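J.: The amino acid sequence is not available; the structure is as follows:
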């Protein structure tokens, strides 16, 4: 419905134009009508840009509706769902809680990495409670015109009041809820202030606000305090059992071949999110369609994982023999160093077939999910990353551009060890890397750690030079070796 005040304003504006142009009506009626219509169109466009009325930008994209998603559609996250059950019960049966003097929590903050299911959980809350669900993105409140963000917040809550009890879900809430600045972002501050005022208003008691973000650290403390977003729920990446449950959920009603082993897929996807799991199944289905197959096979799902990890396979890229030799020894260096150091990480595959930007790669899987890393394990990760670079140095006495990604990984780990984990001679403390006084000391400590890692890697490569060359020679011919083939190859080398 269009606001009646807008209609009155448009009529008054048209009458004013007619009176102003009255002397020209006789001499040019048609040009006058065209001009008036153009001005009216511009006038209405201005109203739409400001998000006024149900036809504005905010309400066209996200119409509130009763969602049919429930907790049954959310695999895993048992603790998180248990935390939300009482809120769902409150929305279903508010009288019992109100009689006891309890109040519904004003808001919930869901935070975690992208793709972990924050939006899905919010929809499930609304679906379980059977209440309307209004969804918006934080960026939709941001405009270049002063005051429009605050206006949109007011209209959002006005809409919600008419259908209360209901849920307002604001995705990427950090777009409007980040820590306020004094002068640089007055429009953003105004929008956040209006949101804070609406959240504490007594008129909005039956409205539950759910915010989602992957940057909880930058949110304003006034937004996350008690009485506003007072329930903070971390939504983590799924563990192995949860990944398996997610895969089972996504393969329902899909033609899966008998050889599909979802437990193997779950084992190979450590660190992946729920969205990644969905992407693997979808990509597997696409591969089945391209192959004109009737079912999705295990091989297709494994190829989908490779594509997610390393990018699109580029079979058409042909390397010259020297480059093949270099890449083979590079990847064999990674593989050998990792096998010498870390018994918990098992190689899935080593290949010199280009994928994405990489000319080759080694993929691993963890025997079990890990949630903390020791200093020794971080050093092992650095040594494994340096294995390719050192192998090139040992076998070809050169340094190449193919090591740029590995060096980025090594540098990032060393930086975190110094500035975040207190694993350096600077002391057991976290250090602000933006502190100009400390930057040179941080660099010196990082260099010391990387040099130590390089020296250890060099010793491992030299001690296993022959087996690295043996693996590289086979890899150059066969291009790809799977986990079992790798073990057989090493056993064959030992026998020879």
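T.: Nice, I can see it. These numbers come from a predicted model, not from an experiment.
J.: From now on I want contacts and neighbour counts done on CA atoms only, so please keep to that.
T.: Fine.
J.: what sits against the closest residue in space to residue 430 that isn't next to it in sequence?
T.: Distances taken as C-alpha to C-alpha, 6 or more residues apart in numbering place residue 420 nearest to residue 430, at 4.8 Å, with adjacent residues excluded. Applying C-alpha atoms under 8 Å, 6 or more residues apart in numbering, one finds that residue 420 lies in contact with 429, 430, 431.
J.: does residue 362 count as helix, strand or coil?
T.: Using DSSP: H, G, I helix; E, B strand; the rest coil, the structure places residue 362 in strand.
J.: does it really touch residue 337, like I thought?
T.: No - Residue 362 sits out of contact with residue 337 when judged by C-alpha atoms under 8 Å, with a separation of 11.6 Å.
J.: Between these two, point out the one with more neighbours.
T.: residue 337 (27 against 19; other C-alpha atoms under 10 Å).
J.: Let me know whether residue 347 touches residue 485 as I believe.
T.: No - counting by C-alpha under 8 Å, residue 485 is not a contact partner of residue 347; they are 10.4 Å apart.
J.: Please say which of the two ends up with more neighbours.
T.: The residue with the greater number of neighbours, taking residue 347 and residue 485 and applying other C-alpha under 10 Å, is residue 347; the counts read 21 against 14.
J.: beta partners for that one?
T.: residue 364 (DSSP bridges).
J.: Can you tell me how far it is from residue 453?
T.: The gap separating residue 347 from residue 453 is 21 Å, by C-alpha to C-alpha, to the nearest Å.
J.: And residue 242, by the same measure?
T.: Shown here: residue 242 relative to residue 453, a distance of 35 Å by C-alpha to C-alpha.
J.: Mind checking which of these two has more residues around it?
T.: More neighbours surround residue 453 than the other of residue 242 and residue 453, with 21 against 17 (other C-alpha under 10 Å).
J.: residues touching that one, list them.
T.: 379, 382, 383, 386.
J.: Show me where the stretch 1-150 of the chain has its helices.
T.: Ranges of helices in the stretch 1-150 of the chain, per DSSP state H, counting those that start in this stretch, are 4-20, 29-49, 57-61, 78-92, 94-99, 118-129, 148-162.
J.: Distance check, the most centrally placed residue in the chain against residue 277.
T.: In the chain, the C-alpha closest to the average C-alpha coordinate belongs to residue 114, at a distance of 2.3 Å (C-alpha atoms, centre = their mean). Between residue 114 and residue 277 the distance, using C-alpha to C-alpha, works out to 13 Å.
J.: Residue 397 too?
T.: If you measure residue 397 against residue 277 using C-alpha to C-alpha, the figure is 42 Å.
J.: More neighbours: those two, which one.
T.: Neighbour totals were compared for residue 397 and residue 277, and residue 277 leads with 23 against 9 (other C-alpha under 10 Å).
J.: Contact partners for the spatially closest residue to that one that is not a sequence neighbour?
T.: Nearest in space to residue 277, with sequence neighbours left out and distances taken as C-alpha to C-alpha, 6+ apart, is residue 247 at 6.3 Å. Contacts for residue 247 were tallied using C-alpha under 8 Å, 6+ apart; they are 262, 266, 277, 278, 281.
J.: Distance-wise, check the residue nearest to the centre of the chain relative to residue 366.
T.: Taking C-alpha to C-alpha as the measure, residue 114 and residue 366 are separated by 22 Å.
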